[in-house]
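K.L.:
Provide a 3D model corresponding to the input given below.
(chains A and B)
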Amino acid sequence: MSTATLTFDQQGGQSDEARVDAAMRSFVSEFGVTTALHMESCVRCGLCAEACHFHVATGDAKYTPIYKLEPFRRAYFREASPFAPLVRALGLVKKPSIADLQQWQELLYDSCTMCGRCTLVCPMGIDIAELVKEARHGMFKAGLVPERLALMDRTARQWGSAATPGEDLPDILAEAGKRYGVEIPCDLGAADILVTAASAELGEHTKALADAAKILNRIGAKWTMHQGGFDASNIGFNNGDMELQERLTRALVDTAVKIGAKTVLLPECGHAYGAARWEAAKWYGQALPVRIIHMTEFLDELIATGRIRVTKIGETATFHDPCQIVRRGGLEAAARRVLAALGFELIELKDHGVAGYCCGGGGGVVSNQRATPLRHKVFEMKKQQVEATGAKRFVTSCGQCRITFQMGAKHAHWEKSIESLLELVADNLAV
Amino acid sequence: MDLLSFARGPALTVALVVFVLGTLWRLAGVLLRPRMRDLSAAREGAPGNLVGALRAVVHGMWPRKEFVQAALVTTINGYVFHIGLALVFLGYAPHIAFIYRVTGLSWPALPDMVMYLAAGATIISLLLALGSRLTNPVLRIISNADDMITWTITFLPVITGMAVVAEPSAAILARDHVIYSVPLAVHLLTLELLLVWFPFGKLMHAFLFAFSRGATGMRFSHRGVKV
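P.N.:
The predicted structure follows:
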């Protein structure tokens, strides 16, 4: 429940004590060796603040990444550190209170996109983005999630997608296919490639589905979308809802196995990549029986192997590197090869590649309307970097980043169009 | 037993025992926690875990070019007091003599003038670090008692050491008895305080940094990302 006077939202009817206990139990369950090493190693140098777009854009010290983890840190030192009994006995570290958790909701959800730029600057190599994700697990257990994200979570639990129930998928695909003049197979009993979508592509942005279909049909792939597993934008991953994350992940992998697919093709969505490419095997308990591939690397492979050819556009372009795909996903070169194939003269942003600034909307921030003013401040930084390149075109390979930029551009009355790599390839397929 | 005998005898023994056992306890307590294997398929061509870890340890020695401007002062200041402390502790002739008495190990000393300069730079650098911690809004919001205790405990051996440097090290070592008994005992006790505090506070980063960087290096190199 949420009211305008509160700076936090909460769900469910748990008592305050039960919320704190649930958060603490969850926090403690996260403290494996890597997390423990990272909790132990901070020397509080503050350099992470210099990497965080929210701190850089506002100058507010509370957005220092390591500070966002304060309740999580306290839980570690009280309950799991090697000297925890001593820490508790002497009262050296305060147990997080309900007020602390409520206060930190904004820092963990509104002002962190889990982009991991802070990880790069940390001299101790602390992966703060991963720690924030783990802290969110506890916040979700405590029912302390921004209401807009909680609403999406409830929807996804009900429908298997934050956008639409599975039974509506055939109609959505049929309509998109008709609108863009392309066949989009649905619910085939057997296929080589299971194609998935981002939530937004099932609503306003169905052209992305048609673009993917156009390319897949061109290469003669045996592919399908499927009601059993179709939305790869894993809301559970962002919200800290591990149960939902597992369910959505399993839906994709199990559906692929069921239809005999060897590949699950992910949409242009960063968090889909983070959730499925790097975390799916954790839920599966073993190496996956299918290959998980992002749209960007799929396009890169098709172009590299000559299965598709594209006409050269021959203009200047700059590229926004989506954090989960590049910094945390390793696909920096793939997108650039596709841009080169399209004949773009790439003019890099001042901060680009692995160290590029986040769009400001990842990690669910774009959906969390409470964070909109903060997001717009980050957008201003990004806008300035794009304008400084003087590039004619502005391209990215994540739908969430694109939506974040579109919302920012609308607010700032910025005329620049933000283009999708997939769309550019699909629109410029050579015969 | 006078204060110097106490500092050189039982106090030193206790400090070393706490240092060694405490450090081992903390390292074991962290490194023996549950470990979850990354079952995802590695990026094609990704280096092995050890290579990824070692690369991250080495690359972490200096900020990436994108962060050099923002991190320059903090990084250089950090290097000044780390190197300064190492030079003074390991290069000053009376310290080497002390280490020889305790361990039987010895090596050539650095000239006194180098030591004085290193100690001076270390003191200035530590004062700058303290000033920054007390005035920078980011450092103020993230600092806790460990930071102040650790700073004090690091500063004390340096400043008490300066108090007993009244003559060239050759003259000190040539003498068969100590003339500044109490100041030397205090200096030694401050070092022992540092040893006792070491396992409990952030001084442990001297060991933890390699593991912490290495863990992230493994995670990212598995994905084909160079950190």
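
K.L.:
drop to CA atoms for contacts and neighbour counts, all remaining ones
P.N.:
Fine.

K.L.:
Quick check: phi and psi on A:Met152?
P.N.:
Per-residue torsions, A:Met152: phi -60, psi -40 (degrees, to the nearest 10).

K.L.:
tell me the contacts of the closest residue to it other than its chain neighbours?
P.N.:
Distances taken as CA to CA, 6 or more residues apart in numbering or on different chains put A:Ala162 closest to A:Met152, at 5.4 Å, once the chain neighbours are dropped. A:Ala162 sits next to A:152-153, A:155-156, A:199, A:231, A:235 when contact means CA atoms under 8 Å, 6 or more residues apart in numbering or on different chains.

K.L.:
Tell me the confidence at A:Ala162?
P.N.:
Among the per-residue scores, A:Ala162 shows a pLDDT of 94.

K.L.:
what do you get for A:Leu194?
P.N.:
Looking at A:Leu194, the pLDDT reads 98.

K.L.:
is it fair to say A:Leu302 lies in a helix?
P.N.:
Yes: assigned with DSSP: H, G, I helix; E, B strand; the rest coil, A:Leu302 falls within a helix.

K.L.:
Not counting its neighbours along the chain, what's nearest it?
P.N.:
Nearest one to A:Leu302, counting by CA to CA, 6+ apart, is A:Ile308 at 5.7 Å.

K.L.:
Give me the number of neighbouring residues for the one you found.
P.N.:
Around A:Ile308 there are 20 other residues, counting by other CA atoms under 10 Å in any protein chain shown.

K.L.:
measure it to chain B for me?
P.N.:
For A:Ile308, the distance to chain B equals 22 Å [CA to the nearest CA, to the nearest Å].

K.L.:
In three-state terms, label that residue for me.
P.N.:
A:Ile308 - assigned by three-state DSSP - is coil.

K.L.:
so what's it up against?
P.N.:
By CA under 8 Å, 6+ apart, the contact set of A:Ile308 is A:215, A:218-219, A:302, A:429-430.

K.L.:
From A:Cys122, how far off is A:Cys48?
P.N.:
Using CA to CA, to the nearest Å, A:Cys48 is found at 6 Å from A:Cys122.

K.L.:
got it, and B:Pro137?
P.N.:
Plainly put, B:Pro137 is 18 Å away from A:Cys122 if you go by CA to CA.

K.L.:
Please say which of those two ends up with more neighbours.
P.N.:
The residue with more neighbours, out of B:Pro137 and A:Cys122, is A:Cys122; 26 against 16, by other CA under 10 Å.

K.L.:
Which residue does chain A have closest to chain B?
P.N.:
Chain B sits closest to A:Gly125 of chain A, with a gap of 4.2 Å, by CA to the nearest CA.

K.L.:
Quick check: what element follows the worst-scoring helix or strand of chain B on mean pLDDT along the chain?
P.N.:
Between all helices and strands in chain B, the lowest mean by mean pLDDT, DSSP states H and E belongs to helix B:169-174, at a mean of 90. As assigned by DSSP states H and E, the chain's next helix or strand after helix B:169-174 is helix B:181-197.

K.L.:
Endpoint to endpoint, stretch A:199-206 covers what distance?
P.N.:
Per CA to CA, stretch A:199-206 runs 10 Å from first to last residue.

K.L.:
roughly how far out does that stretch sit from the chain middle?
P.N.:
In terms of CA atoms, centre = their mean, to the nearest Å, the centre of stretch A:199-206 is found 16 Å from the chain centre.

K.L.:
Equivalent analysis for stretch B:205-220, please.
P.N.:
Distance, stretch centre to chain centre, for stretch B:205-220: 17 Å (CA atoms, centre = their mean).

K.L.:
Pull out the buried residues from it.
P.N.:
B:205, B:208-220 (16 or more other CA atoms under 10 Å in any protein chain shown).

K.L.:
Name the residues that touch it?
P.N.:
Outside stretch B:205-220, the residues within contact range by CA under 8 Å, 6+ apart are A:34, A:37-38, A:40-43, A:123-127, A:328, B:27, B:48-50, B:52-57, B:60, B:226-227.

K.L.:
Now, those that are in helices?
P.N.:
A:34, A:37-38, A:40-41, B:27, B:49-50, B:52-57 (DSSP state H).

K.L.:
what does the model give the residue in chain B positioned nearest to chain A for pLDDT?
P.N.:
Nearest residue of chain B to chain A: B:Arg213, at 4.2 Å (CA to the nearest CA). B:Arg213 is assigned 98 on the pLDDT scale.

K.L.:
and it, what helix or strand is that in?
P.N.:
Going by DSSP H and E, B:Arg213 is part of helix B:205-222.

K.L.:
so how far is the helix or strand harbouring A:Phe140 from its chain's centroid?
P.N.:
Using DSSP H and E, A:Phe140 falls within helix A:128-141. Computed by CA atoms, centre = their mean, the chain-centroid distance of helix A:128-141 equals 14 Å.

K.L.:
now for it, which elements pack on it?
P.N.:
Judged by 3 or more CA pairs under 8 Å, 6 or more residues apart in numbering or on different chains; DSSP states H and E, helix A:128-141 is in contact with helix A:16-29, helix A:117-121, helix A:235-239.

K.L.:
now for these, which one comes closest to B:Leu32?
P.N.:
Proximity to B:Leu32 (CA to CA) singles out helix A:16-29 among these, at 14.8 Å.

K.L.:
Taking helix A:128-141 as reference, get the angle to the closest one.
P.N.:
Put simply, helix A:16-29 runs at 140 degrees to helix A:128-141, going by axes from the mean of the first three to the mean of the last three CA atoms, to 10 degrees.

K.L.:
Touching helix A:16-29 from outside, list them.
P.N.:
A:72, A:75-76, A:79-80, A:96-98, A:101, A:134-135, A:137-143.

K.L.:
change it to 10 Å
P.N.:
Residues outside helix A:16-29 that contact it (CA atoms under 10 Å, 6 or more residues apart in numbering or on different chains): A:10, A:12-15, A:71-80, A:95-101, A:131, A:134-144, B:34.

K.L.:
Drop anything exposed from these.
P.N.:
Neighbour-count burial (16+ other CA under 10 Å) applied to the contacts of helix A:16-29 gives A:10, A:71-80, A:95-96, A:98, A:101, A:131, A:134-144.

K.L.:
re the thing from before, switch the buried residues of stretch B:205-220 over to CSV; also include distance to B:Ala121.
P.N.:
Shown next, in CSV, are the buried residues of stretch B:205-220 (distance: CA to CA, whole Å):
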residue, distance to B:Ala121
B:His205, 22
B:Leu208, 26
B:Phe209, 24
B:Ala210, 26
B:Phe211, 29
B:Ser212, 29
B:Arg213, 28
B:Gly214, 31
B:Ala215, 33
B:Thr216, 33
B:Gly217, 33
B:Met218, 36
B:Arg219, 38
B:Phe220, 37
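
K.L.:
just the residues you listed now: which is nearest A:Lys350?
P.N.:
For the buried residues of stretch B:205-220, the minimum distance to A:Lys350 (CA to CA) is 22.9 Å, reached by B:Phe220.

K.L.:
Next, the residue sitting nearest the centre point of chain A: secondary structure please.
P.N.:
Most central in chain A under CA atoms, centre = their mean is A:His271, positioned 2.5 Å from the mean C-alpha point. At A:His271, secondary structure determined by three-state DSSP is helix.
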